[in-house]
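Novice: just coords:
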């Protein structure tokens with residue numbers, strides 16, 4: 001059944017002439033699900049020795065099924081976002097009577113994720129520009145760890161400022 005959904009989504013995207021940019025995230029999800037589900041292929045019901053791995057048909061089917069289900073879900077989501085756009089997708093969720101709080105939090109996330117990524121990139125570029133001399137693995141990890149720490153602090157400060165702005169406008173906060 002997941003293969004049918006994946007094939008249907010692919011055919012619908014071809015018929016609607018959607019840009020192919022939605023395929024890359026679907027492939028990433030399929031790769032990740034394939035890596036996670038790979039050990040399922042080695043599940044064998046018969047008792048085995050300590051170091052013997054047996055490939056079972058049932059386990060391989062379960063691994064393939066899990067990978068296809070994840071890829072089908074990701075493809076349906078990505079293609080619908082590509083077709084409708086985020087705003088119309090969230091309006092559709094409102095029409096389906098999804099709780100408003102969930103929709104508002106999704107909208108906030110969609111607004112702040114690009115800001116966060118832009119800030120992270122700016123900080124990484126600034127730190128790299130300040131590095132002089134040979135850059136080893138240890139120095140690179142140290143630089144990235146300081147960027148992560150600064151991003152956590154700035155994210156907390158941004159959340160605090162957002163909370164204060166919501167309270168100043170007499171909007172209720174989620175409890």
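Specialist: Structure received. Here the structure is a predicted model, which is why all the values come from computation and not from measurement.
Novice: what residues are up against residue 94?
Specialist: 100, 103 (C-beta atoms under 8 Å, 6 or more residues apart in numbering). Where you see a C-beta, it was placed from the backbone N, CA and C, and this is true even at glycine.
Novice: just the element for it, please.
Specialist: Using DSSP states H and E, residue 94 maps to helix 86-95.
Novice: can you give the distance of that helix from its chain's centre?
Specialist: Chain-centre distance of helix 86-95: 19 Å, with C-alpha atoms, centre = their mean, to the nearest Å.
Novice: stretch 15-30 too?
Specialist: 14 Å.
Novice: list the buried residues for that stretch?
Specialist: 18, 22-23, 26, 29-30 (16 or more other C-beta atoms under 10 Å).
Novice: could you chop the chain up by domain?
Specialist: What automatic domain parsing lists as the domains of the chain is 2-45+52-84, 100-168.
Novice: ok so, going back, what's the average pLDDT for the helix holding residue 94?
Specialist: Helix 86-95 shows a mean pLDDT of 91.
Novice: ok, back up a step: and the domains of the chain as CSV, adding distance to residue 93?
Specialist: Formatted as CSV, the domains of the chain follow (distance: least, C-beta to C-beta, whole Å):
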stretch, distance to residue 93
domain 2-45+52-84, 11
domain 100-168, 6
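Novice: and the ones you listed, which one is worst for confidence?
Specialist: Sorting the domains of the chain by mean pLDDT places domain 2-45+52-84 lowest, at a mean of 81.
Novice: run the chain-centre distance for that domain.
Specialist: That offset, for domain 2-45+52-84, works out to 15 Å (C-alpha atoms, centre = their mean).
Novice: show me where this protein has helices.
Specialist: If DSSP state H is used as the criterion, the helices of the chain fall at 2-15, 23-37, 57-84, 86-95, 100-130, 137-168.
Novice: could you list the residues in contact with stretch 70-90?
Specialist: Looking at stretch 70-90 with C-beta under 8 Å, 6+ apart, the contacting residues turn out to be 2-3, 5-6, 9-10, 12-13, 16, 18-19, 21-22, 25-26, 29-30, 32-33, 92, 103, 106-107, 110.
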